[in-house]
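>>> Turn this into a model:
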Amino acid sequence: MKKSRTIAVLAGAAVAALAMTGCSSGGGSGGGKSLTVEDYYTATYNPIYQRCAKQLGAKLTINHVAGAGLIAKVLQQASSRTLPDVLMLDNPDIQQIAASGALAPLSDYGLNGKGDVPAVTAAGSYKGKLYGLEPVTNSIALYYNVALLKAAGVAPPKTWDELRTDAKKLTKGKTYGFAMSNINTYEGTWQFLPFLWSNGGDEKDIATAQAAQALQYVLDLQNDGSMSKSSINWAQADVNNQFIAGKAAMMINGPWQLPALKAAKGLQFASVPIPTRTGDAPVAPLGGEAFTVPVTKSKDTMSLAAKFVGCLNKPTMQTYIAGVTGNVPTNETAADSWATSHPDVAAFVTTTKTARARTGELGPDWPKAATKIYTAVQTALTGKAAPTAALQAAQSQSQ
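Residues are numbered from 1 along each chain as shown. Below is the predicted model of the structure:
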């Protein structure tokens, strides 16, 4: 979840369009030992893909699409019968696209998510069938500036009370004690979810006392002066920049920020799971992208595409990808080993064990709930309504 997609995945229209065209679409490579791969990554993923291509003796055509435009492009490709052979999707989008019939069940090719974090496998499944495999996953944790906490005599917090107290103590001059993204996009929802879910809140109905308590807590951090009012405009990259610049002593963010954090001169940082009201393990969202096999006209190419997807999900490839991306292997054994050898991701490995797939309850309707959540957060933090009223108004919205 390292990017923001403000499109609600064109919900009803998208599914309808794919349903009409998915099963009859034609592959971009047409057979043989060639594959087209489509994602919203950058060229940093190309060497990863080439490793599996070499093992399979396949020639690749790799298309990187801007994240905000991927689903729109998939719709166009479905209509023109030019879907790629291997399609990467953000994991909350898988169920919606699978429901249209545009994706092949991976079990048809002997693939499964055995050994992977169960919630990751659930995110890649629809109506009991697996459609996407996710080599690496991510979530969010609490990063902290080691030097600032040491100077203030503050230990990394484990509870809401500790976080609020520590954030107040760490707020000095131009440095806020705490930072997170509360922007009115899916990123804002993503960052609020650990507070909502860990407190017993639920996306099926956000107008509850548990949700209001969680939102009130975030508002309290802002009212204390411990969190900048600008957080309503900050994406996660902006939050990371604030932390690197020393303008935030603690922040919520993901492992994909590690390359930038490690490159920052003089910055000592570490991370712990996000504090909860009770001190229990947090329930955070699972991020990451899964690889799927679109239904195309060539059975041979689809079989080769499935082998490619299977290759990417091998534990050895998972750890290689984790090293390139900073994310966490989805295979539980590989993840535990990775945490031991890479302590800077240990908090994320711990968090993913109790994390949840965003589509776990609502499936293809998740984007509607995500929009309601970030709308309520914005309404409360901008002072337009108290948390309870903000959540009630957002819940009543028809999406």
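
>>> contacts and neighbour counts: CA atoms only from here.
Fine.

>>> Show me how the chain divides into domains.
The chain breaks down by automatic domain parsing into domains covering 11-138+287-353, 141-284+361-395.

>>> and these, which one is worst for confidence?
Least confident of the domains of the chain, judged by mean pLDDT, is domain 11-138+287-353 with a mean of 88.

>>> quick one: that domain to chain centroid distance?
Domain 11-138+287-353 sits 14 Å away from the centroid of its parent chain (Cα atoms, centre = their mean, to the nearest Å).

>>> With mean neighbour count as added columns, please give the domains of the chain in TSV.
Shown next, in TSV, are the domains of the chain (neighbours: other Cα atoms under 10 Å):
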stretch	mean neighbour count
domain 11-138+287-353	21
domain 141-284+361-395	20
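
>>> pretty sure T351 is touching P273, no?
Yes: counting by Cα atoms under 8 Å, P273 is a contact partner of T351 at 6.1 Å.

>>> Between these two, which contacts overlap?
Common contact partners of T351 and P273 (Cα atoms under 8 Å, 6 or more residues apart in numbering): I140, A141, A281, P282.

>>> What separation is there between the closest residue in space to the first one that isn't next to it in sequence and A290?
Counting by Cα to Cα, 6 or more residues apart in numbering, G254 is the residue found nearest to I140 once chain neighbours are left out, at 4.5 Å. With distances taken as Cα to Cα, to the nearest Å, G254 is found 17 Å from A290.

>>> residue contacts, A385?
T379.

>>> So what does it have for phi and psi?
A385 adopts backbone torsions of phi -160, psi 150, taken as degrees, to the nearest 10.

>>> and if you look at the one 4 residues further on?
Dihedral angles of A389 (phi, psi; degrees, to the nearest 10) stand at phi -70, psi -40.

>>> With T292 instead?
With angles defined as degrees, to the nearest 10, T292 sits at phi -130, psi 170.

>>> Go ahead and confirm it touches L130.
No: using Cα under 8 Å as the test, T292 is too far from L130 to be in contact (9.4 Å).

>>> Would you state the helices of the stretch 51-200 of the chain in chain order?
Using DSSP state H, counting those that start in this stretch, the helices of the stretch 51-200 of the chain run over residues 70-80, 94-99, 118-123, 146-151, 160-170, 186-198.

>>> Could you point out which of the ones you listed sits nearest P329?
helix 118-123 (10.7 Å; Cα to Cα).

>>> Could you export the closest one as PDB, CA atoms only?
Backbone C-alpha positions of helix 118-123 (Å, rounded to 0.1, in the frame of the first residue of the first chain) are rendered in PDB as follows:
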ATOM      1  CA  PRO A 118      -3.300 -17.200   5.900                       C
ATOM      2  CA  ALA A 119      -4.700 -13.700   5.600                       C
ATOM      3  CA  VAL A 120      -2.500 -13.100   2.500                       C
ATOM      4  CA  THR A 121      -4.000 -16.200   0.800                       C
ATOM      5  CA  ALA A 122      -7.500 -15.000   1.800                       C
ATOM      6  CA  ALA A 123      -6.800 -11.700   0.100                       C
END
